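>>> predicted model, plus sequence, below.
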2 protein chains.
Amino acid sequence: MNKFYDIYLDLKCKIEKYEYTTGSLLPSEKLLSEKYGVSRETTRKALALLLENGYIQKKQGKGSIVLDIQRFNFPVSGLTSFKELQQSQNIENETIVLKNKREKIPEFLAETLNLPTNTEAVSLVRLRKISGEVIIIDKDILLANIVDAVPSEAAEDSLYDYLEGTLGLNISYAKKVFVVESATPEDRAMMHLPEDSYVVVVKSEVYLEDTRLFQYTESRHRLDRFKFVEFARRKNSLI
Amino acid sequence: MNKFYDIYLDLKCKIEKYEYTTGSLLPSEKLLSEKYGVSRETTRKALALLLENGYIQKKQGKGSIVLDIQRFNFPVSGLTSFKELQQSQNIENETIVLKNKREKIPEFLAETLNLPTNTEAVSLVRLRKISGEVIIIDKDILLANIVDAVPSEAAEDSLYDYLEGTLGLNISYAKKVFVVESATPEDRAMMHLPEDSYVVVVKSEVYLEDTRLFQYTESRHRLDRFKFVEFARRKNSLI
DNA sequence: AAGTGGTCTAGACCACCTG
DNA sequence: AGGTGGTCTAGACCACTTC
């Protein structure tokens, strides 16, 4: 659809296939523009995407250096779902839906998100298994004014495919907080944890394109299986 | 220096001061361009920064919606240092340098980073105190071919100020991995942890603008004081 | 239909790096 | 000096939203 995006995909693909070798320079912006038959600004938009996603490093006066993909190949950043995450790693996994019902939002949520206490929502609890073991408990609360109900197949398969594909929601951004908390009796039972154990909890508030909050999620992870990888660029300290 | 950056700062400032109220629309790109006396593309670069940092949400055909800053005010993402982090939160803190000496890099590092086993580096160990309690142990390994030595004042104050300011290094990007590990005897002693306890470990490989690896860091955090906040945008699923 | 943001262009000038 | 990326422009056309 977009020229710059197609160029991005083409270059990304070639870098992944090592057609452009690690440490070498991409062709100059001028050359790329001629090759793809676009203006330089369009080429630059494609390069900006490569930069942002850790494929290249640009240097003024020199060029665009190709980075080692191996080293940054699984950024779990962004708003990646469990489904996408597992697919990208080819691991056998299973989801068990423990709860899927409509009810009022819990009080702590009404407070932290400044919502009326009688707000209705779809409340989901799902166990995430990898190789037969429960590693994550996902607790989702989807505001009912946006999501009326979730078919159980969607909850088992991919919630986001349903929300974005079937319902046509434009999920746009989120605030995530990572903390470590004491395991609840439920955590201990479901993940077979001993007394006095802890879980990593990733709490997310998820917003739509029109800035409406529509989902609150707690992803409760077994400590020993938790891993979060991020590619980060140094922000200008003035920002 | 850059027009688009100045415009970004101006708009950011006004949003933070609620001169543009939450939920309202910014002036159109056309209007902003006229107001600042720049082309529309320049205005759009400023807006792209606001978007990326969670200040606005754009909608085609509609405009740029101002988001609630309160809700996203402390993104600890990017490559933020302990110093910057504490300053931004006005917390009394102290750094104790336990070790600052030149030596060969440890073997596990030589393996994972594919470096010769006799690579020389400056090895730092620092305790980070907040309100008198040790909350973080920072272990830094700075490759000696880039950083010859670190003055102890720099280690106590801000390592990054020294590296970027005094040495003029251009720190550019990093790969970070968050995991939870069993506390070592050293962790337990320094942070007064019981037997069988855990710490959150943030492992970073930090690279310069010319793509040279120059630093490996392990930031070992007390579980109960660890918190990581992130503003994340949904990546196009095609990426 | 009018206004908004999204994409793209062709060209300009500047800052930086390398011979 | 010549090539590279960084910034900026003035204008064009398109897609989407709202009236």
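Looks like it came in fine. Residues are numbered from 1 along each chain as shown, chains lettered A, B, ... in the order given.
>>> and the residue lying closest to residue A:162 once chain neighbours are set aside, what is it in contact with?
Distances taken as Cβ to Cβ, 6 or more residues apart in numbering or on different chains place residue A:154 nearest to residue A:162, at 3.5 Å, with adjacent residues excluded. Yep, even glycine has a C-beta here, placed from its N, CA and C like the rest. Listed by Cβ atoms under 8 Å, 6 or more residues apart in numbering or on different chains, the contact partners of residue A:154 are A:161-162, A:166.
>>> dump the helix or strand residue A:154 falls within to CSV, restricted to CA.
Counting by DSSP states H and E, the element that carries residue A:154 is helix A:152-156. Taking Å, rounded to 0.1, in the frame of the first residue of the first chain, the C-alpha atoms of helix A:152-156 are listed here in CSV:
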residue,chain,number,x,y,z
SER,A,152,-15.0,-18.7,24.0
GLU,A,153,-13.2,-19.7,20.9
ALA,A,154,-11.8,-16.2,20.6
ALA,A,155,-10.6,-16.3,24.2
GLU,A,156,-9.0,-19.7,23.6
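>>> for the helix or strand following it, packing partners?
Moving toward the C-terminus from helix A:152-156, the next helix or strand (DSSP H and E) is helix A:159-160. Judged by 3 or more Cβ pairs under 8 Å, 6 or more residues apart in numbering or on different chains; DSSP states H and E, helix A:159-160 is in contact with helix A:82-87.
>>> 6 Å instead, please
If contacts are counted by 3 or more Cβ pairs under 6 Å, 6 or more residues apart in numbering or on different chains; DSSP states H and E, helix A:159-160 sits against no helix or strand.
>>> what is the subsequent helix or strand relative to that helix?
In N-to-C order, the element after helix A:159-160 by DSSP H and E is strand A:171-182.
>>> low-confidence ranges in chain A?
For chain A, the stretches flagged by pLDDT under 70 are A:71-92, A:236-239.
>>> how about the residues of chain A by DNA strand D?
A:25-26, A:28-31, A:40-41, A:44, A:47, A:58-64 (Cβ under 7 Å from any atom of the strand).
>>> how about the helices in chain A?
Along chain A, counting by DSSP state H, helices occupy A:3-16, A:29-36, A:40-52, A:82-87, A:107-113, A:152-156, A:159-160, A:185-191.
>>> tell me which of the ones you listed sits most buried.
When you average the neighbours per residue for each of these (mean count of other Cβ atoms under 10 Å in any protein chain shown), helix A:159-160 leads with a mean of 22.
>>> residues near residue A:145, how many?
Neighbour count for residue A:145, taken as other Cβ atoms under 10 Å in any protein chain shown: 11.
>>> how near is it to residue B:22?
20 Å (Cβ to Cβ, to the nearest Å).
>>> now swap in residue A:169 and tell me
22 Å.
>>> neighbour count: these two, which is higher?
Neighbour totals were compared for residue A:169 and residue B:22, and residue A:169 leads with 21 against 14 (other Cβ under 10 Å).
>>> just checking, that one touches residue A:161?
No. Judged on Cβ atoms under 6 Å, residue A:169 makes no contact with residue A:161 at a distance of 11.2 Å.
>>> bridge partners for the spatially closest residue to residue A:63 that is not a sequence neighbour, pull those for me.
Closest residue in space to residue A:63, ignoring its immediate chain neighbours: residue A:25 at 4.0 Å, by Cβ to Cβ, 6+ apart. Applying DSSP bridges to residue A:25 gives these bridge partners: residue A:65.
>>> picking up where we left off before, buried subset of the contacts of residue A:154 as a PyMOL selection?
Those of the contacts of residue A:154 that count as buried under 16 or more other Cβ atoms under 10 Å in any protein chain shown are selected in PyMOL with:
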select buried, chain A and resi 162
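>>> burial measure for the closest residue to residue A:227 other than its chain neighbours, as a count.
Once flanking residues are discounted, residue A:227 sits nearest to residue B:179: 5.3 Å by Cβ to Cβ, 6+ apart. When neighbours are counted by other Cβ under 10 Å, residue B:179 registers 17.
>>> I'd guessed residue B:179 sits against residue A:228; true?
No. In this structure residue B:179 lies outside contact range of residue A:228 using Cβ under 6 Å: 7.8 Å.
>>> how many neighbouring residues does residue A:138 have?
Look at residue A:138: counted by other Cβ under 10 Å, it has 22 neighbours.
>>> what about the nearest residue to residue A:213 once chain neighbours are set aside, how many residues nearby?
Leaving aside its sequence neighbours, residue A:213 sits nearest to residue A:207 (Cβ to Cβ, 6+ apart; 5.5 Å). The tally of other residues near residue A:207 (other Cβ under 10 Å) stands at 21.
>>> which residues does residue A:207 contact?
Residue A:207 sits next to A:172-173, A:213 when contact means Cβ atoms under 6 Å, 6 or more residues apart in numbering or on different chains.
>>> which of these tops the neighbour count?
Within these, neighbour counts (other Cβ under 10 Å) peak at residue A:173, which reaches 21 neighbours.
>>> residues from chain A in reach of chain B?
Proximity of chain A to chain B is confined to A:57, A:65, A:72, A:78-79, A:171-180, A:211, A:223, A:226-235 under the rule Cβ under 6 Å from any Cβ of the partner chain.
>>> buried subset of those residues as a ChimeraX selection?
Buried residues among the residues of chain A next to chain B (16+ other Cβ under 10 Å), as a ChimeraX selection:
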select /A:57,65,72,78,79,171,172,173,174,175,176,178,179,180,211,223,226,228,229,230,231,232,233,234
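>>> okay, and the beta partners of the residue nearest to residue A:213?
Taking DSSP bridges as the rule, residue A:207 bridges to residue A:173, residue A:213.
>>> circling back: and of the contacts of residue A:154, the nearest to residue B:95?
Set against residue B:95, the nearest of these by Cβ to Cβ is residue A:161 (47.4 Å).
>>> and the closest one, how far is that from DNA strand C?
23 Å (Cβ to the nearest atom of the strand, to the nearest Å).
>>> how about residue A:180?
According to Cβ to the nearest atom of the strand, residue A:180 and DNA strand C sit 37 Å apart.
>>> quick one: that residue and residue B:223 touch, right?
Yes. Counting by Cβ under 6 Å, residue A:180 does reach residue B:223; the two are 4.4 Å apart.
>>> and the closest residue to residue A:14 other than its chain neighbours, how many neighbours does it have?
Nearest residue to residue A:14, sequence neighbours excluded (Cβ to Cβ, 6+ apart): residue A:20, at 5.5 Å. Residues near residue A:20, counting by other Cβ under 10 Å, number 19.
>>> quick check: residue A:26 touching residue A:67?
No. Between residue A:26 and residue A:67 there is no contact under Cβ under 6 Å: 11.0 Å.
>>> got the domain ranges for chain A?
Domain segmentation of chain A under automatic domain parsing yields A:3-71, A:73-228.
>>> hmm, the first one touching DNA strand C?
Yes. Domain A:3-71 reaches DNA strand C (Cβ under 7 Å from any atom of the strand) through A:3-5, A:37-42, A:45, A:59-62.
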